[in-house]
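Colleague: sequence first, then the predicted structure:
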Amino acid sequence: MVYSGSCHCGKVAYDVEGEITQVIDCNCSHCSRKGYLLWFVPRESVRFKSGESELATYTFNSHRIRHHFCPVCGVAPFGFGEHPPGTPVAAVNVRCLENVDLGALEVMHVDGRSR
Ligand SMILES: [Zn+2]
């Protein structure tokens, strides 16, 4: 399955290939504020159609994850990191993908706040 995703204004657009088997809802200070529902895929599963070079980036804590967002509309479609180290991974915010039934997803609640 190939999902189409974008920010709100359309500057950033991309496809993500894979099956959404489970998403993560984390309650840490960052994820809860952004409202992420995250789907982890290999980094190469995210293919840009536009806007890659214009993404703004936020990092915090260990600064190992690059949380990207659109500089125009502020929508945060994904973050890129490595897991395990050396293996590029993407955490895709499924709220920014088209044709995803959010209510039907299996959600794993992660207690990032306590870590
Ligand atoms: Zn935008």
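Modeller: Cool, the structure landed.
Colleague: ok, residue 56 - contacts?
Modeller: The neighbourhood of residue 56, defined by Cβ atoms under 8 Å, 6 or more residues apart in numbering, consists of 68-71. C-beta here means a position set from N, CA and C on the backbone, and glycine is covered the same way.
Colleague: over to residue 19?
Modeller: Neighbour list for residue 19: residue 1 [criterion: Cβ under 8 Å, 6+ apart].
Colleague: around the ion, which positions in the chain sit nearby?
Modeller: 7, 9, 11, 70, 72-73 (Cβ under 5 Å from the ion).
Colleague: reformat these as TSV; add pLDDT.
Modeller: Converted to TSV, those look like this (pLDDT from 0 to 100):
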residue	pLDDT
7	98
9	98
11	98
70	98
72	98
73	98
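Colleague: can you tell me what sits against the helix or strand containing residue 67?
Modeller: Counting by DSSP states H and E, the element that carries residue 67 is strand 66-69. By Cβ under 8 Å, 6+ apart, the surrounding residues in contact with strand 66-69 are 7, 30, 55-59, 75-81.
Colleague: residue ranges of the strands in this structure, please?
Modeller: 2-6, 13-17, 23-26, 38-42, 46-50, 56-58, 66-69, 78-82, 88-93, 107-110 (DSSP state E).
Colleague: would you turn those strands into JSON lines with mean pLDDT?
Modeller: Shown next, in JSON lines, are those (pLDDT from 0 to 100):
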{"stretch": "strand 2-6", "mean pLDDT": "98"}
{"stretch": "strand 13-17", "mean pLDDT": "98"}
{"stretch": "strand 23-26", "mean pLDDT": "97"}
{"stretch": "strand 38-42", "mean pLDDT": "97"}
{"stretch": "strand 46-50", "mean pLDDT": "98"}
{"stretch": "strand 56-58", "mean pLDDT": "97"}
{"stretch": "strand 66-69", "mean pLDDT": "97"}
{"stretch": "strand 78-82", "mean pLDDT": "97"}
{"stretch": "strand 88-93", "mean pLDDT": "98"}
{"stretch": "strand 107-110", "mean pLDDT": "96"}
